[in-house]
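1. give me coordinates for this.
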Amino acid sequence: MDKIFITAALTGGLIKKAANPNLPEQPDEIAQAAYECYNEGAAIAHLHARDPQGNLSCDPKIYRAIHEKIRAKCDIIIQDTTGAGPNVTLDQRLASLEADPEMASLNMGTMVRLLEAYKGTLQLNPPWEIERFAKVMLERNVKPEMEVYNPSMFRDVRNLIQKNLLTKPYYINLVIGINFQGGLDPTPESLLMMLDALPKSDDTIINVTGIGRMQPRITTIGMLLGTHVRVGMEDNIYYSKGVLAKSNAQLVERSVRIAKEFGFDIASPQEARQMLGVPYKDYSQVDVERVS
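-> Numbers count the residues shown, from 1 in each chain. This is a model prediction of the structure:
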């Protein structure tokens, strides 16, 4: 693999500015962060919406406003979450697809949250709901990014393939180090185990996400093993031990620099669209109810 594309996960659903004041929360901030990451080499912007108070929101109007503001600046691929967060119903999580993103995340299994504030709550994704989400994405021509947190979730990946609920190429994001029961330790061995357990298909594109302080190590190992990578403040608010990240673009710049040191080229959004089979969507003509 000569070209690597980079996803910037800009905001997330839970972390707030109290943890890192540089975290973008509102549509203008998120759009600016996406543009800065695009300028540093990111091909995909992974988005979570927030309400005016900075809390998690599934409102498609806010997503549409973010899309429009990003597209006014650049042609980065727009990927919305359907993962959302705790205390959100499955139907609410689907609402982001009403904003018509080019891509969307699709969690491939159920896990238990361990962080104190939401300890014991489920990230609920039973097989029939995974199928329902995939069907809606297929109908809307939204490319799923299948989020896989442990090898058992490949069973549901294979299920979607067997039921023709995905279009080629299949796109899998291996998430390493999340603090959930059902997640894996943030180690190279975890990544190697996941890569070894992948469904055998020449039609699969693999991305790697590292959570927390191991983000740069896990993503660098992923590059060397032939994967694309995701970085950003959703997954890691620090640049180094005890040093808060100044921006999402700072984290993208580091991954681009590392990739180039290893001799990889960085794929543009247009090139990533061709690799993934994602059609360009122009949001500049969408009738959006403005969100300040």
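2. and the gap between the residue positioned nearest the centre of the chain and Leu97?
-> Of all residues in the chain, the one closest to the mean position by C-alpha atoms, centre = their mean is His46, 4.5 Å from it. Here the criterion is C-beta to C-beta, to the nearest Å. By it, His46 lies 15 Å from Leu97. Every residue, glycine included, has its C-beta placed from N, CA and C.
3. equivalent analysis for Gln270, please.
-> 23 Å.
4. show me which of those two is the more surrounded one.
-> Each of Gln270 and Leu97 has its neighbours counted (other C-beta atoms under 10 Å); Leu97 has more, 19 against 12.
5. you'd agree the more buried one is up against Pro144?
-> No - Leu97 is beyond contact range of Pro144, at 10.5 Å (criterion: C-beta atoms under 8 Å).
6. so what sits against both of these two?
-> Common contact partners of Leu97 and Pro144 (C-beta atoms under 8 Å, 6 or more residues apart in numbering): Ala104, Met137.
7. helices and strands around the helix or strand that Arg132 is a member of, which ones?
-> Assigned by DSSP states H and E, Arg132 falls within helix 127-139. The elements that helix 127-139 packs onto, with contact taken as 3 or more C-beta pairs under 8 Å, 6 or more residues apart in numbering; DSSP states H and E, are helix 90-94, strand 103-107, strand 143-148, helix 154-162.
8. now do it: everything it contacts.
-> For helix 127-139, using C-beta under 8 Å, 6+ apart, the contacting residues are 82, 90, 93-94, 97, 104, 106-109, 142-144, 156, 159-160, 163, 165-167.
9. if I look at Gln53, how far off is Gln92?
-> Gln53 is 17 Å from Gln92, by C-beta to C-beta.
10. the more surrounded of those two?
-> Each of Gln53 and Gln92 has its neighbours counted (other C-beta under 10 Å); Gln92 has more, 15 against 8.
11. check what pLDDT the closest residue to the more buried one other than its chain neighbours gets.
-> Closest residue to Gln92 apart from its sequence neighbours, by C-beta to C-beta, 6 or more residues apart in numbering: Cys58 at 4.4 Å. Listed pLDDT for Cys58 reads 95.
12. tell me how many other residues crowd Cys58.
-> 24.
13. for it, what are phi and psi?
-> Phi and psi for Cys58, reported as degrees, to the nearest 10, are phi -110, psi 10.
14. likewise for Leu23?
-> Dihedral angles (degrees, to the nearest 10) for Leu23: phi -70, psi 130.
15. ok, how many other residues are close to it?
-> Leu23, neighbours per other C-beta under 10 Å, totals 25.
16. same check on Gly85?
-> 18.
17. report the contact partners of the nearest residue to it once chain neighbours are set aside.
-> Once flanking residues are discounted, Gly85 sits nearest to Gly13: 3.7 Å by C-beta to C-beta, 6+ apart. Neighbour list for Gly13: His48, Leu56, Thr81, Gly83, Ala84, Gly85 [criterion: C-beta under 8 Å, 6+ apart].
18. mind redoing it with 10 Å?
-> With contact set as C-beta atoms under 10 Å, 6 or more residues apart in numbering, Gly13 has these partners: 48-50, 55-58, 81, 83-86, 88, 234.
19. now do Tyr283, the pLDDT please.
-> On the pLDDT scale, Tyr283 gets 87.
20. which stretches of the stretch 151-292 of the chain have low pLDDT?
-> 285-292 (pLDDT under 70).
21. now do the residue nearest to Lys281 when sequence neighbours are not counted against Ala45, distance only.
-> Distances taken as C-beta to C-beta, 6+ apart place Glu102 nearest to Lys281, at 5.2 Å, with adjacent residues excluded. Relative to Ala45, Glu102 is positioned 10 Å away (C-beta to C-beta).
22. shared neighbours of these two, which are they?
-> With C-beta under 10 Å, 6+ apart, Glu102 and Ala45 have common neighbours His67, Ile76, Ile77, Ile78, Gln79, Asp80, Pro269.
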